[in-house]
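# Take a look and give me a structure for this.
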Amino acid sequence: MKRSMFTIGMALLGQMLLAQAATLSFPEVLSPNGDGQDDRFVIVGLSSYPENKLTVYSRWGTEVYSAMPYRNDWDGTTVPVPAKGKSKRLPLAPEPLPSGTYQFVLETAQADPGVIKGFLTIIR
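So this is what the prediction gives:
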């Protein structure tokens, strides 16, 4: 699997470590077919940033997924919003997103890295 890597700040002042480096690694491909490989969008190093928010957008800019905090559990599905005037009593079942390219935005409470944007491709 191909991944995008970001190394997040480390500063030394004399012998004192001011900020610990953390590397975040993002998958570029998601193939949620149940084979155990690339079935979930797993951001390696995310545990260093427990206060985070992940939002995923379609190529048209429509939000298709959001979680705060994100827990490395997204499987390429979206929860549809009920049509206006329809009953909201029953929870709607997640629906698989079609194959294609999506943009993700990861926001962290820390200034470094702050906001990271990238793309991922869903292959079904």
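
# From now on I want contacts and neighbour counts done on CA atoms only, so please keep to that.
Fine.

# Where does pLDDT dip in the chain?
1-22, 81-91 (pLDDT under 70).

# Grab the most central residue of it for me.
Central residue of the chain (C-alpha atoms, centre = their mean): residue 54, 4.6 Å from the mean position.

# Please identify the helix or strand for that one.
Under the criterion DSSP states H and E, the helix or strand holding residue 54 is strand 52-57.

# Going by contacts, tell me the helices and strands next to that strand.
Applying 3 or more C-alpha pairs under 8 Å, 6 or more residues apart in numbering; DSSP states H and E, one finds that strand 52-57 makes contact with strand 63-67, strand 100-108.

# quick one, which of these is packed in tightest?
Burial of the helices and strands packed on strand 52-57 is given as mean neighbour count (mean count of other C-alpha atoms under 10 Å); strand 100-108 ranks first at a mean of 19.

# partners of the following helix or strand past it in the sheet?
Once strand 100-108 ends, the next helix or strand along the chain (criterion: DSSP H and E) is strand 115-122. Strand pairing for strand 115-122, using DSSP bridges, gives strand 29-30 (parallel), strand 100-108 (antiparallel).

# Now do the longest one: distance to the chain's middle.
This points to strand 100-108. Distance of strand 100-108 from the chain centroid (C-alpha atoms, centre = their mean, to the nearest Å) equals 6 Å.

# Could you check the angle it makes with strand 63-67?
Here strand 100-108 runs at 30 degrees with respect to strand 63-67, directions being taken by axes from the mean of the first three to the mean of the last three C-alpha atoms, to 10 degrees.

# The closest residue to residue 52 other than its chain neighbours and residue 31, how far apart?
Nearest-residue entry for residue 52: residue 108, 4.3 Å, with adjacent residues in sequence omitted and distances by C-alpha to C-alpha, 6 or more residues apart in numbering. Distance from residue 108 to residue 31, counting by C-alpha to C-alpha, to the nearest Å: 26 Å.
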